[in-house]
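got a predicted model here, sequence first, then my questions.
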Amino acid sequence: MSGGTGIGIPVRSALPARAVDRVRRGLGRGIREDATDLDRQKRIGCRFVGSGLLAFCAVMVPVAIVRADLTASWWTPVSLALVAVPAVLLVSSTFLAVPRALLGLVCACALGYLVATLLWFPAWLGEPDETARWAVWLFQFPSVSSFGLVVMLRTGLAVTNLVVATFAVHVANQVARYGDVRPAELLSVPLSAALAGVFLAVASSAVRNVRALDERHPAVLAMTARAAATAAQEAERSRFDALIHDHVIATLLAVREGPPEPRLAAQAASALAELDRSTVPPSEFAAVTFASRTEDAVVEMSDRASCSHVISSPASTYPARVVEDMVDSVAEATRNWSRHGGTGSRCEVIAEFGDGFARVTVVDDGVGFDPALVDPRRFGIAVGIRARMAGLPGGRAEIESAPGEGAVVTVEWRRP
């Protein structure tokens with residue numbers, strides 16, 4: 001950790017100039033951090049479902065080729081396309097910065113499987129093969145698409161799809177093997193649907209729990225803020241209790257009849273001065289104090305950061321609230337870099353204090369992020385920096401970053 005002080009001298013960044021230049025140039029759009037846990041679960045769940053469909057297609061291709069003689073030549077490639085193409089699109093969508101049409105693609109997967117199954121009937125050549133256990137290659141996975149519908153909170157549609165798809169593929173497989181439908185063997189349909197239904201119920205419960213947690217998140221943040229405020233009040237009360245016990249009560253107990261003692265008068269004056277310092281904080285801070293507090297905040301956050309400052313107007317003073325809010329914002333920005341910037345990244349804090357204004361810039365060469373796509377409920381950026389500076393008269397915050405391009409956080413105050 002290093003600190004520096006200058007009077008009207010520009011400060012050079014210790015970070016690589018190339019990293020800073022990349023941030024100052026046009027910033028790109030990158031991988032999105034999902035706005036909610038439910039969005040994240042939808043993304044991951046849909047990726048899992050699409051990958052599962054593709055895996056089943058790959059495993060069952062040999063079966064489809066072997067049993068292609070039971071149907072017209074067009075059915076096998078068409079059925080593979082109906083299942084695989086929506087699955088590829090679904091998986092691809094989950095890797096986009098903002099996943100698009102997930103519900104539509106999940107429905108396309110379910111519909112593609114069902115259409116492929118129903119097309120088997122007109123494609124069948126009419127010659128059964130009783131030796132073929134899996135005469136229809138779709139037979140093994142009628143429930144996979146239903147999991148995607150559950151992830152997208154369409155539980156009723158998922159159950160309907162499960163029952164219809166399972167029934168249709170079992171009937172097709174029996175016709176392919178025996179040439180007709182055998183009711184006794186159709187008893188496997190409710191058994192298969194019930195077994196898959198257990199997993200659907202578990203998936204549905206997990207999705208609903210995540211949604212409930214998301215809905216309670218604002219209340220948790222509010223409760224956390226109230227708890228922090230209560231803890232601060234308790235700490236302040238304890239401090240005053242100690243002050244009163246150590247100074248005020250001790251002075252009162254020392255009072256005796258007779259002429260006043262100089263020692264007791266000095267003790268009383270000291271107690272009054274201590275009370276004044278505790279109850280009436282400074283309304284203004286000098287620039288050098290502002291700079292010192294900024295550096296202390298950076299030092300406390302990380303020993304991998306450097307801090308320097310320029311004081312162009314040494315006689316300037318700044319309201320106590322300005323100092324508190326800007327120092328806290330800088331600490332939050334440095335904390336975010338320390339937690340998320342990545343191993344080996346560096347950070348430099350550059351502060352400038354002038355006549356009627358103060359500006360502190362936190363520059364890092366970490367992994368970066370897309371500020372436009374940050375969850376608005378993220379306490380650190382939304383509340384700790386943006387909202388804090390927006391609530392300060394004359395204050396503002398600017399956040400520039402992009403994935404892989406580091407970040408620049410600037411907090412500034414100008415006297416209204």
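Sure thing, it's come through. Numbering: from 1, shown residues only.

got any ranges where the stretch 251-400 of the chain has weak pLDDT?
251, 253-258, 260-261, 263-264, 266-267, 270-282, 374-380 (pLDDT under 70).

can you pull out the strands in it?
Assigned by DSSP state E, counting those that start in this stretch, the stretch 251-400 of the chain shows strands spanning 284-286, 305-311, 317-319, 347-354, 357-364, 395-401.

dump those to JSON lines, plus mean neighbour count and distance to Phe167.
C-betas here are computed from N, CA, C, even on glycine. Shown next, in JSON lines, are the strands of the stretch 251-400 of the chain (neighbours: other CB atoms under 10 Å; distance: least, CB to CB, whole Å):
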{"stretch": "strand 284-286", "mean neighbour count": "17", "distance to Phe167": "76"}
{"stretch": "strand 305-311", "mean neighbour count": "22", "distance to Phe167": "64"}
{"stretch": "strand 317-319", "mean neighbour count": "18", "distance to Phe167": "73"}
{"stretch": "strand 347-354", "mean neighbour count": "22", "distance to Phe167": "61"}
{"stretch": "strand 357-364", "mean neighbour count": "23", "distance to Phe167": "58"}
{"stretch": "strand 395-401", "mean neighbour count": "18", "distance to Phe167": "53"}
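
distance to Gly156 added to those strands, as CSV?
CSV is the format used below for the strands of the stretch 251-400 of the chain (distance: least, CB to CB, whole Å):
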stretch, distance to Gly156
strand 284-286, 62
strand 305-311, 53
strand 317-319, 59
strand 347-354, 51
strand 357-364, 48
strand 395-401, 42
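
looking at those strands, which is nearest to Ala135?
Nearest to Ala135 among those is strand 395-401 (56.6 Å), distances taken as CB to CB.

who does the closest one touch, helix- and strand-wise?
Judged by 3 or more CB pairs under 8 Å, 6 or more residues apart in numbering; DSSP states H and E, strand 395-401 is in contact with helix 17-24, helix 320-340, helix 388-390, strand 407-414.

that strand pairs with which strands?
Strands that pair with strand 395-401, judged by DSSP bridges, come out as strand 407-414 (antiparallel).

okay, buried residues for the strand it pairs with please.
For strand 407-414, a neighbour-count test (16 or more other CB atoms under 10 Å) marks 407-413 as buried.

start to end distance for stretch 333-350?
Terminal residues of stretch 333-350 lie 13 Å apart, using CA to CA, to the nearest Å.

name the residues that touch it?
11, 13-15, 294-295, 297-298, 301-302, 304-309, 330, 360-367, 369, 380-381, 385, 406-407, 409, 411 (CB atoms under 8 Å, 6 or more residues apart in numbering).

distance to Leu70 added to the helices and strands packed on strand 395-401, as CSV?
CSV is the format used below for these (distance: least, CB to CB, whole Å):
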stretch, distance to Leu70
helix 17-24, 60
helix 320-340, 56
helix 388-390, 69
strand 407-414, 61
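
Cys109: which of those is closest?
Going by CB to CB, the one of those nearest Cys109 is helix 320-340, 34.7 Å.
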